[in-house]
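Enquirer: please work out how this folds:
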Amino acid sequence: MESKLALRAVRRLHRDYEELVAVNTAEEMPYAAAAPMGVLVPETEDSLESWLKWKVTLMGPPDSRFAGVLLHVTLDFPSGQYLF
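Expert: Residues are numbered from 1 along each chain as shown. All right, here's what the predicted structure looks like:
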């Protein structure tokens, strides 16, 4: 798993996570949240695998027919294939 491609994938995911944090901090994405499992579960070892599995929560906007709806999704990124 510790291949160069896996390390590149994790670096890219780390950059994407930093962008998501910046967007959420600016409140530009109030109805969505996403983070790697290693960030969400402190007991998880900060390994490559913890950066390849993400938890995503989408919330229905209050003025839509999806108001009050929560959608929980887990994303598993294949190591070495998430680069672009």
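Enquirer: make it CA atoms for all contacts and neighbour counts henceforth
Expert: Noted.
Enquirer: what ranges do the strands span in the protein?
Expert: Remark: strands assigned in the chain by DSSP state E are 32-36, 53-59, 70-76.
Enquirer: quickly, which of the ones you listed bottoms out on average pLDDT?
Expert: Lowest mean pLDDT of the strands of the chain: strand 32-36, a mean of 87.
Enquirer: which residues does the closest residue to residue 53 other than its chain neighbours contact?
Expert: Closest residue in space to residue 53, ignoring its immediate chain neighbours: residue 76 at 4.6 Å, by Cα to Cα, 6 or more residues apart in numbering. By Cα atoms under 8 Å, 6 or more residues apart in numbering, the contact list for residue 76 reads 52-54.
Enquirer: and the helix-or-strand element of the chain with minimal mean pLDDT, what other elements does it pack with?
Expert: Within the chain, no helix or strand scores below helix 37-40, which has a mean of 74 by mean pLDDT, DSSP states H and E. Under the contact criterion of 3 or more Cα pairs under 8 Å, 6 or more residues apart in numbering; DSSP states H and E, helix 37-40 touches helix 48-52, strand 53-59.
Enquirer: determine which stretch of these is the most buried.
Expert: Comparing the helices and strands packed on helix 37-40 by mean neighbour count (mean count of other Cα atoms under 10 Å), helix 48-52 ranks first with a mean of 20.
Enquirer: alpha carbons only: can I get that one in PDB?
Expert: Provided in PDB are the C-alpha atoms of helix 48-52 (Å, rounded to 0.1, in the frame of the first residue of the first chain):
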ATOM      1  CA  LEU A  48      -2.500   6.200   4.400                       C
ATOM      2  CA  GLU A  49      -5.700   4.100   4.700                       C
ATOM      3  CA  SER A  50      -7.300   6.600   7.000                       C
ATOM      4  CA  TRP A  51      -6.900   9.300   4.300                       C
ATOM      5  CA  LEU A  52      -8.400   7.000   1.600                       C
END
